[in-house]
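Asker: Sequence plus the predicted model coming up.
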Amino acid sequence: QVQLVESGGGLVQDGGSLRLSCTVSGRTFGTYAGGWFRQAPGKEREFVATISRSGRNIYYGDSVKGRFTISRDNAKNTVYLQMNSLKPEDTAVYYCAADTRLLYFTNIQVEYWGQGTQVTVSS
């Protein structure tokens with residue numbers, strides 16, 4: 001059974017920072033492409049960032065480029081999302097995702113999802 005568990009969400013002020021973590025259990029994480037999506041109330045799930053198995057391929061959604069950084073530690077089976085210069089419009093539930101079939105992903109057709117962690121940015 002593959003499980004993805006996110007942590008690190010919370011409440012932060014406009015301009016602040018948070019780091020999200022996603023730990024994968026059930027298979028060696030190095031065999032997965034990893035990534036993050038988010039979903040705000042009343043909106044569709046949105047691509048945030050993705051990282052390939054080796055870490056050489058990294059892509060970001062336009063709304064977070066230059067502010068968010070995705071990384072991974074395969075020895076710890078964990079992918080991270082460092083979020084800086086947070087804005088109120090970044091408020092959403094953030095979901096970790098993983099896929100064994102793809103080099104990386106930018107749409108929601110992925111194999112595995114975490115339960116999500118709430119990020120709230122106050123103005």
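Answerer: Arrived safely.
Asker: what bits of this protein have low per-residue confidence?
Answerer: Within the chain, the ranges that satisfy pLDDT under 70 run 27-30.
Asker: how close does the closest residue to residue 50 other than its chain neighbours sit to residue 118?
Answerer: Leaving aside its chain neighbours, residue 50 sits nearest to residue 35 (3.5 Å; criterion: CB to CB, 6 or more residues apart in numbering). Any C-beta I mention is one placed from the backbone N, CA and C, and that applies to glycine too. According to CB to CB, to the nearest Å, residue 35 and residue 118 sit 18 Å apart.
Asker: picking that back up, could you pull up the residues touching the residue nearest to residue 50?
Answerer: 47-51, 70, 79, 96-98, 104-106, 110 (CB atoms under 8 Å, 6 or more residues apart in numbering).
Asker: which of those residues are buried?
Answerer: Buried members of the contacts of residue 35, scored by 16 or more other CB atoms under 10 Å, are 47-51, 70, 79, 96-98, 104-106, 110.
Asker: Please flag which of the residues you listed sit within strands.
Answerer: 47-51, 70, 79, 96-98 (DSSP state E).
Asker: Any chance of a markdown table for these, columns distance to residue 19?
Answerer: A markdown table is the format used below for these (distance: CB to CB, whole Å):
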| residue | distance to residue 19 |
| --- | --- |
| 47 | 19 |
| 48 | 14 |
| 49 | 13 |
| 50 | 17 |
| 51 | 15 |
| 70 | 11 |
| 79 | 11 |
| 96 | 13 |
| 97 | 17 |
| 98 | 18 |
